[in-house]
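Asker: Quick one: sequence and predicted model below, then my questions.
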Amino acid sequence: MASPSHRPSHRRSLRRRRTIVVASAAVAATGLGAVAFVMNANAGAVDLAHQTLPAKDGWAASGSGTTGGSQADSAHVFTVSTRAQLVKALGSSTNSTAKIIQVKGTIDANTDDASKKLTCADYASGTGYSLAAYLKAYDPATYGTSKLPSGTQESARAAAQAKQAKSVVLKVPANTTIVGVPGTKAGITGGSLQVKSVDNVIIRNLAFSATEDCFPQWDPTDGSTGNWNSAYDSVTLRGATHVWADHNTFTDAPHLDSSNPKYYGREYQIHDGALDITNGSDLVTVERNQFTSHDKTMLIGSSDTDSTGKLRVSIHHNVWKGIVQRAPLARIGQIHIYNNYFDTTTLNGYAPLYSINSRAKAQVVAENNYWKLPSGGKAAKLLSGDGTGSVAGGGNLVNGTATDLVAAYNAANSKKLKTTVNWTPALTAGLQTSAKNLPTELATTTGAGILTN
């Protein structure tokens, strides 16, 4: 794998960049205008809520950079602990006034405005939908396999799904920072942050879990045997620009795929993506997150005809553990994947198919990453592609040994990955030229609840 030239900048040890939470009234306060602080060992107090993406830190630093809601006045700094409060703080998705939203504790998106828990049965109520009736109506043995479901039960399913969406889809406007308050186990369970056709958003220090679709749709035309498809990603970027996703954790827990039933012989899949970047999204930096116990984890590009000239994404210093596929699946864009740790050991029943898929002429540079491969695992299965995508870069280690992943993949597959790309990464802050220490370094410096400058 030919290594492109680059100029790493802002190289600082992760250990030196680690921060500590300051026990202050500002952190403890729960009212309007409370701001979380952390302390950097080298630079003193740091205002986490007003922090912006550092210079040259991946594609999201391009142009105007990513500042989120850092310019918010005191009237637009909110601390929220319920779904209703979060919805109110987000406001209209078209209101671009700078705002900071601090999440205190875990917010359950499947609740009403009075914080009453909502169940799948609540969403189905009044729609006429029932799973038993749906299964009877679209049984391939009688309905066939050539067309999508239509008719009374499919309309009822769509209506029930729309009711759930009103609760769980949380639309993020432009110029917004959403950040977890340190020390509160901040996160969103059951929700889907939607960043659609807006610019300049920061999402940090949040644990995303249990993003579940109560009403998956049967598609008999998906693949050779059909599939159940669900609707919600934990975070979805659609036509979004300048987005920084930092120090978040993504997991299916507590409902793992291994507990999903099968209907029509196929898994009744209630999970979609963890963090998907589609529909012409551009200038995105995804760093220091943990992705765990999930199947289709990160999709870059919604189809092979997504937007040319966009889908520029940097993915660095993340941990991928118990991931089946799409870490990421990349189409069309210029994607830089560096200093990540991929543990491909089967976890909680999530057995890996591949890590990185480059297709639809994607221009991927993957360098200085570390893969842990279990006994019997094959390096040839760490990559995937359709014969049109590229993967350049070097310095990748498998169980501590330098490995040419593209050569290993191409030797075992007829649809070859290309080894050259049409660009050279320049926004590479924090790039480490050796991957050997990543497993230990990233174990304590990634995910929600770990704050770094």
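Answerer: In hand now; what should we look at?

Asker: and residue 390, bridged to which residues?
Answerer: For residue 390, the beta-bridge partners under DSSP bridges are residue 363, residue 418.

Asker: tally of neighbours for it?
Answerer: Counted with other C-beta atoms under 10 Å, residues neighbouring residue 390 total 22. C-beta coordinates here come from the backbone N, C-alpha and C atoms, glycine included.

Asker: Equivalent analysis for residue 238, please.
Answerer: By the measure other C-beta under 10 Å, the count of residues near residue 238 is 17.

Asker: Residue 278 is in contact with that one, correct?
Answerer: Yes. If you go by C-beta atoms under 8 Å, residue 238 and residue 278 touch, sitting 5.7 Å apart.

Asker: what touches both of those two?
Answerer: Here residue 238 and residue 278 share the contacting residues residue 302, scored by C-beta atoms under 8 Å, 6 or more residues apart in numbering.

Asker: which residues does the nearest residue to residue 144 once chain neighbours are set aside contact?
Answerer: Computed as C-beta to C-beta, 6 or more residues apart in numbering, the closest residue to residue 144 that is not its neighbour in sequence is residue 220, at 7.2 Å. By C-beta under 8 Å, 6+ apart, the contact set of residue 220 is 138, 140, 143, 144, 145, 146, 147, 148, 226, 264.

Asker: Relative to residue 169, how far out is residue 220?
Answerer: If you measure residue 220 against residue 169 using C-beta to C-beta, to the nearest Å, the figure is 27 Å.

Asker: same deal with residue 387?
Answerer: In this view, residue 387 and residue 169 are 36 Å apart by C-beta to C-beta.

Asker: Those two - which one has more neighbours?
Answerer: Higher neighbour count among residue 387 and residue 169: residue 169, with 17 against 11, using other C-beta under 10 Å.

Asker: Could you check the pLDDT of the closest residue to residue 265 other than its chain neighbours?
Answerer: Spatial nearest neighbour of residue 265, excluding adjacent residues (C-beta to C-beta, 6+ apart): residue 225 at 6.6 Å. Note for residue 225: predicted pLDDT of 94.

Asker: For residue 225, grab the count of nearby residues.
Answerer: A count of nearby residues for residue 225, using other C-beta under 10 Å, gives 11.

Asker: Confirm it sits in a strand?
Answerer: No. Applying DSSP: H, G, I helix; E, B strand; the rest coil, one finds residue 225 to be coil, outside a strand.

Asker: any idea whether residue 155 is helix, strand or coil?
Answerer: Residue 155 - assigned by three-state DSSP - is helix.

Asker: Now do it against residue 166, distance only.
Answerer: Counting by C-beta to C-beta, the separation of residue 155 from residue 166 is 17 Å.

Asker: So which of these two has more stuff around it?
Answerer: Legend: neighbour count by other C-beta under 10 Å for residue 155 and residue 166, higher for residue 155 (14 against 8).

Asker: Show me the beta-bridge partners of residue 291.
Answerer: Here residue 291 sits in beta bridges with residue 250, residue 320, going by DSSP bridges.

Asker: Tell me who's in contact with the spatially most central residue of the chain.
Answerer: Relative to the mean C-alpha position of the chain, the nearest C-alpha, by C-alpha atoms, centre = their mean, is the one of residue 275, at 2.0 Å. Taking C-beta under 8 Å, 6+ apart, we find residue 275 in contact with 233, 234, 235, 236, 237, 245, 250, 286, 289, 291, 297, 298.

Asker: how near is it to residue 284?
Answerer: Distance from residue 275 to residue 284, by C-beta to C-beta: 9 Å.

Asker: Identify the contacts common to the two.
Answerer: Residues touching both residue 275 and residue 284 (C-beta under 8 Å, 6+ apart): 237, 245.

Asker: Name the residues that touch the strand or helix carrying residue 167?
Answerer: For residue 167, the host element (DSSP states H and E) is helix 152-168. Under the contact criterion C-beta under 8 Å, 6+ apart, helix 152-168 has outside partners 83, 109-112, 118, 120, 123-124, 127-129, 133-134, 137-138, 148-149, 190-192, 211, 213-215, 217, 231-232.

Asker: Then stretch 123-132?
Answerer: With contact meaning C-beta under 8 Å, 6+ apart, stretch 123-132 is reached by 152, 153, 156, 157, 159, 160, 161, 163, 164, 167, 214, 215.
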